[in-house]
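K.L.:
build me a structure from this.
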Amino acid sequence: MPHRPHAPNGFTLLEVMLAFAILAILTGGMAQIIHSNMVVASDTIDQRELRELADTVFGKILFEQTEHRDGEEGSIAVDYGQWAGLAQERADRYESYRWRLRKTEMVAAGSSGSDDDGENLFESDDDEEESSSSSSQPGAGAENKASIKLIRFTMIVYRDGRSEESLITLTRFLPPPEFQEGTR
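P.N.:
A predicted model of the protein is given here:
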């Protein structure tokens, strides 16, 4: 019987090292994917929380609308933190977020004459044709002279030093305070 060479049992050191190298590369890639997904999830949660805080501050501003002026600015951390009684370390988390308020008088119905300061809420090219054709109808001129005004409140939330980059924009339309007080 001829003698056959003995086949090795097991793996060579080179094969084991190659398997560990492949495993290390795959593990590193998976760790990067998991880390990037965790960062995205964390940013999403922060954005949701910031939106909730901004909604609360905006609601407070709308409730106290006569106390706030166009162009007013503030800090989410201070305004929400004081209102909600947040612990300082929790409020500091939102320290870099600021807000700016815009108040614009709008004409919701009727026409804005030369004596009105408000912008038209619904403005299009068709409005001019309709107003010229409706003014020839009897009684139409009296209806156009009366206008219903609203105030557009817009709160823009941004990071410190990046005021041109809006993170959140909230808008609400409310009647002027003199109409609200008359209905109470």
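K.L.:
quick one: low-confidence ranges for this structure?
P.N.:
1-4, 7-8, 110-146, 179-184 (pLDDT under 70).
K.L.:
all the strands of it, residue numbers only.
P.N.:
73-75, 97-109, 119-120, 148-159, 168-174 (DSSP state E).
K.L.:
so for residue 19, which of the ones you listed sits nearest?
P.N.:
strand 148-159 (47.3 Å; C-beta to C-beta). Where you see a C-beta, it was placed from the backbone N, CA and C, and this is true even at glycine.
K.L.:
which elements pack onto the helix ranked longest in the chain?
P.N.:
Using DSSP state H to define each element, the chain has its longest helix at helix 13-63. Using 3 or more C-beta pairs under 8 Å, 6 or more residues apart in numbering; DSSP states H and E, the elements in contact with helix 13-63 are helix 76-84, strand 97-109, strand 148-159, strand 168-174.
K.L.:
residue 53: which of those is closest?
P.N.:
Minimum separation from residue 53 across these (C-beta to C-beta) falls at helix 76-84, 4.6 Å.
K.L.:
tell me the angle the closest one makes with strand 97-109.
P.N.:
Angle, helix 76-84 to strand 97-109, by axes from the mean of the first three to the mean of the last three C-alpha atoms, to 10 degrees: 80 degrees.
K.L.:
same question for helix 76-84: list its buried residues.
P.N.:
Within helix 76-84, the residues scored as buried using 16 or more other C-beta atoms under 10 Å are 76, 77, 79, 80, 81.
K.L.:
can you check stretch 166-180 too?
P.N.:
For stretch 166-180, using 16+ other C-beta under 10 Å, the buried residues are 167, 168, 170.
K.L.:
contacting residues around that stretch?
P.N.:
47, 50-51, 54-55, 58, 62, 65-66, 97, 105-106, 108, 121, 149-159 (C-beta atoms under 8 Å, 6 or more residues apart in numbering).
K.L.:
rerun that using 7 Å as the cut-off
P.N.:
50-51, 54-55, 58, 62, 65-66, 106, 149-159 (C-beta atoms under 7 Å, 6 or more residues apart in numbering).
K.L.:
what's the answer for stretch 74-81, then?
P.N.:
For stretch 74-81, the surrounding residues in contact (C-beta under 7 Å, 6+ apart) are 53, 54, 56, 57, 91, 92, 94, 95, 97, 98, 99, 157.
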